[in-house]
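Undergrad: Build me a structure from this.
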Amino acid sequence: MPTDPPPQVRLPDPGQGEVSAPVPADLRRWRRYLADERAEAAVYRDVAVRRSGEERNILLALAEAEGRHEAHWRSLLGDRVGKPQRGGIRTRTLGFLARHFGSVFILALAQRSEGRSPYASDAHATHAMAADERIHEEVVRGLAARGRSRLSGTFRAAIFGANDGLVSNLALIMAIGASGVSNSIVLFSGISGLLAGALSMGAGEYVSVRSQRELLEASTPNPEVSGALGYLDVKANELTLVFRARGMSPGEADAHANEVLREHKADLARGHAPSSVEKPDEHEAIGTGLGAALSSFCFFASGAVLPILPYLFGLQGITAMLAAAVLVGMALLVTGTVVGLLTGGPPLKRALRQLAIGYGAAAVTYGLGLIFGTSVR
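TA: Modelled structure (predicted):
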């Protein structure tokens, strides 16, 4: 899965006619493609080792497809393959992450890389290969979406809690520091902001996750309904109304209701416990209220402590504020990158956006602190 910029125009398929003799630039490009395809297949196999069931089979099928692409470039190169080359830096990074982590982050990166395939404009790649890469992007998007939905509320609270702590306490420190008060007051304000913000975030996250869980529980089918299935009038089949109430068309609801009744009878015949009217979404995970609250508290505090570290180590005045801004800026780049990976957006763009938002808030409060400090002197 090479990672050149995505093209807009598809040139003629080399399989549709004669292809001119390759020039040295072609051979170099083909060798790079070959190396990337090998590396990509290895990435999918490495991630598949850490998965099971259908996801494992899908990943292995992707690796097999990359192997077909590898064979295409190998056939074009013939005896000019040369020494095995390393894949591009992006592909090698994916390989490293896949071998050591194998998480949703690797799939999110792979999704972006699949979308940047140059095959659609390369006259030596087939239409089928270009189509494969486009479809691979959607396949990996689906796998990454499964992983994102499994991320618990605890993890989401951690990421966004840390970011909130960074921005809010940096802005507070800048405002208080710019007003010209003593370092002890700035430090006390920073610690107070840390505790107040962390407690507020923890309480808010607890209420949010508990409310979400209660909402899901209220929408989950009652398991006791299964006991009534055997007594339903098959001709009237009131079960159809259940599925119509959940948004199915009358035809779909009738077919689904009949399927549920057949499964119910089959379970009873086998001596198994009857299955539920509707299976829960196995990919949905929201975590626990207490876990999310604790995580939010701790990660908000971990972010909010960075702006006050320079003051804890004895720095003063503008030097302390600049050091705080640098520390927070580095952390914002990290959290922005993580958010980009989780949402499937460009990690660098998300990181720079987080940095701009954080520094923008700090600049506004710094200006207010200067105004306030001047007015009270």
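
Undergrad: Now do the helices in the stretch 251-377 of the chain.
TA: 289-304, 309-312, 317-343, 347-376 (DSSP state H, counting those that start in this stretch).

Undergrad: closest one to residue 60 among these?
TA: helix 317-343 (23.5 Å; CB to CB). Bear in mind the C-beta positions are built from the backbone N, C-alpha and C, glycine included.

Undergrad: Which among the helices of the stretch 251-377 of the chain is found nearest to residue 178?
TA: helix 347-376 (3.0 Å).

Undergrad: buried ones in that closest one?
TA: Buried residues in helix 347-376, counted by 16 or more other CB atoms under 10 Å: 347, 350-355, 358-359, 361-362, 365-366, 369-370, 372-373.

Undergrad: One more: stretch 56-67?
TA: Under the neighbour-count criterion of 16+ other CB under 10 Å, stretch 56-67 has 58, 59, 60, 62, 63, 65, 66 buried.

Undergrad: of those residues, closest to residue 339?
TA: Nearest to residue 339 among the buried residues of stretch 56-67, counting by CB to CB, is residue 59 at 24.9 Å.

Undergrad: Contacts only, for the closest one.
TA: Counting by CB atoms under 8 Å, 6 or more residues apart in numbering, residue 59 touches 44, 45, 47, 48, 51, 143.

Undergrad: Tabulate those residues in JSON lines, adding columns for neighbour count.
TA: Listed next are the contacts of residue 59 as JSON lines, based on neighbours: other CB atoms under 10 Å:
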{"residue": "44", "neighbour count": "27"}
{"residue": "45", "neighbour count": "17"}
{"residue": "47", "neighbour count": "27"}
{"residue": "48", "neighbour count": "20"}
{"residue": "51", "neighbour count": "16"}
{"residue": "143", "neighbour count": "23"}
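
Undergrad: Would you check which pair of the buried residues of stretch 56-67 lies furthest apart?
TA: 58 and 66 (13.1 Å).

Undergrad: where does the chain have its least confident helix or strand?
TA: helix 89-100 (a mean of 58; mean pLDDT, DSSP states H and E).

Undergrad: so where is the stretch 251-377 of the chain shaky, pLDDT-wise?
TA: Counting by pLDDT under 70, the stretch 251-377 of the chain contains low-confidence ranges at 261, 264-288, 341-345, 374-377.

Undergrad: returning to what we had before: now the buried residues of stretch 56-67 as a markdown table including distance to residue 39?
TA: Converted to a markdown table, the buried residues of stretch 56-67 look like this (distance: CB to CB, whole Å):
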| residue | distance to residue 39 |
| --- | --- |
| 58 | 19 |
| 59 | 15 |
| 60 | 16 |
| 62 | 13 |
| 63 | 11 |
| 65 | 14 |
| 66 | 9 |
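
Undergrad: of all those residues, which comes closest to residue 183?
TA: residue 59 (54.8 Å).

Undergrad: do you know how far the closest one is from residue 52?
TA: Counting by CB to CB, to the nearest Å, the separation of residue 59 from residue 52 is 11 Å.

Undergrad: Just give me the closest of the buried residues of stretch 56-67 to residue 308.
TA: Proximity of the buried residues of stretch 56-67 to residue 308 was ranked by CB to CB; the top entry is residue 59 with 44.9 Å.

Undergrad: Tell me how far that closest one lies from residue 119.
TA: 21 Å.

Undergrad: Over to residue 198?
TA: 50 Å.

Undergrad: Same question for residue 56.
TA: Distance of residue 56 to residue 119, given as CB to CB: 26 Å.

Undergrad: same check, this time on residue 139
TA: In this view, residue 139 and residue 119 are 16 Å apart by CB to CB.

Undergrad: out of the two, which sits in the more crowded spot?
TA: residue 119 (24 against 19; other CB atoms under 10 Å).

Undergrad: Looks like the more buried one contacts residue 133 (just checking).
TA: Yes - if you go by CB atoms under 8 Å, residue 119 and residue 133 touch, sitting 5.5 Å apart.
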